[in-house]
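1. Quick one, fold the following:
(one chain, ligands or ions: 1)
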Amino acid sequence: MTARILLLGGTGDALAIARTLRPRHVYSLAGLGRVPADLACAVRVGGFGGAEGLARFLADENIALVVDATHPYAAQISANAARACAAAHVPYWALRRAPWQPQPGDDWRMVSGWAGLVEAIVPFARPLFTLGREPLAHLNEVPERQHWTIRCLEAHPGHARARIIDARGPFTVEGERALFTEARIDVVVSKNSGGAATEAKLAVARAMGLPVVMMQRPLLQDAQREFTSAQEAIDALANPI
Ligand code: NAP
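-> Numbers count the residues shown, from 1 in each chain. Sure, this is the predicted structure:
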């Protein structure tokens, strides 16, 4: 594609798309994780300053298409991007990975926020949190009768009732089973991220008869074109209609 693309990223799918972009295109990251240094396209890091800032960026940088490949739970940047594109008359495309679906034998307990999540894990002693950094802000709230295992992309010493595992997927069924057993996990807390890289925990929870407290997905704006995989987006960018 010859028009200048802004790709909003911060996910493995976005990185796969970014690897196919030529130098004139821009890959944008919030700045929380690793910044790849081996891409042909330009890489920028940090917020734009809300929808207005993003609309200004689109005009200043002569962007002709925005591709939103951010995480399905990164609702703020997606809302900003949809608004900025509408204001700047720039097409808005999005990669919307399909959510996981419960399968026979699954015991999913849907919650919509931190308070609901805390309530849902009351009956359990050893939850495994796999939904990012949020639990780190609540380390002083771990109840006496619980021990938390928190897997996220951040090194942290934890404390006597909270262990933090700094690990990046993909995760295997064997690895998840070993972790669940060793940490004596009795409930899994998850976002419904979709995709294969972090799905093994669900298979292991099912096999071990463990419930999954699942954080509901936020509602996102419709995009002009939507893709369910990185490859679909890559193909569309190579052959725009
Ligand atoms: P968010 O709440 O939707 O966004 C918060 C703010 O961060 C946005 O308003 C924007 O700042 C900035 N931002 C987010 N993504 C950006 C990007 N790609 N480029 C430039 N600025 C960006 O996002 P979040 O949930 O904190 O996630 C931050 C990043 O981590 C996202 O890029 C997302 O793809 C990635 N990520 C998130 C999750 C998750 O569970 N939320 C999981 C894996 C990866 P301004 O308003 O100043 O523009």
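2. Does P102 touch S190 like I think?
-> No - in this structure, P102 is not within contact of S190 by C-beta atoms under 8 Å, at 11.8 Å. (Each C-beta comes from the backbone N, C-alpha and C, glycine too.)
3. which parts of this structure sit against the ligand?
-> 8-11, 28-30, 32, 47-50, 53-54, 70-71, 73-77, 80, 132, 191 (C-beta under 6 Å from any ligand atom).
4. So which of those sit within helices?
-> Among the residues of the chain next to the ligand, the ones falling in helices (DSSP state H) are 50, 53-54, 75-77, 80.
5. ChimeraX command for the buried members of the residues you listed?
-> A single ChimeraX command selects the buried members of those (16 or more other C-beta atoms under 10 Å):
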select :54,77,80
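6. Mind picking the two most distant members of the ones in helices among the residues of the chain next to the ligand?
-> G53 and A75 (17.3 Å; C-beta to C-beta).
7. which regions of the chain lie under the pLDDT threshold?
-> For the chain, the stretches flagged by pLDDT under 70 are 1-2, 240-241.
8. care to break it down by domain?
-> 5-98+218-238, 108-215 (automatic domain parsing).
9. Run through the strands of this protein in chain order.
-> 5-8, 26-29, 42-45, 65-68, 92-95, 108-111, 127-130, 148-152, 162-166, 187-191, 212-215, 225-227 (DSSP state E).
10. strands paired with the third one, and their directions?
-> Going back to what we said before, that points to strand 42-45. Using DSSP bridges, the strands paired with strand 42-45 are strand 26-29 (parallel).
11. Centre of the chain to the partner strand, how far?
-> 16 Å (C-alpha atoms, centre = their mean, to the nearest Å).
12. do stretch 98-113 as well
-> On C-alpha atoms, centre = their mean, the centre of stretch 98-113 falls 16 Å from that of its chain.
13. how long is that stretch from one end to the other?
-> 21 Å (C-alpha to C-alpha, to the nearest Å).
14. try stretch 40-53
-> 25 Å.
15. Report the central residue of this structure.
-> H71 (3.5 Å; C-alpha atoms, centre = their mean).
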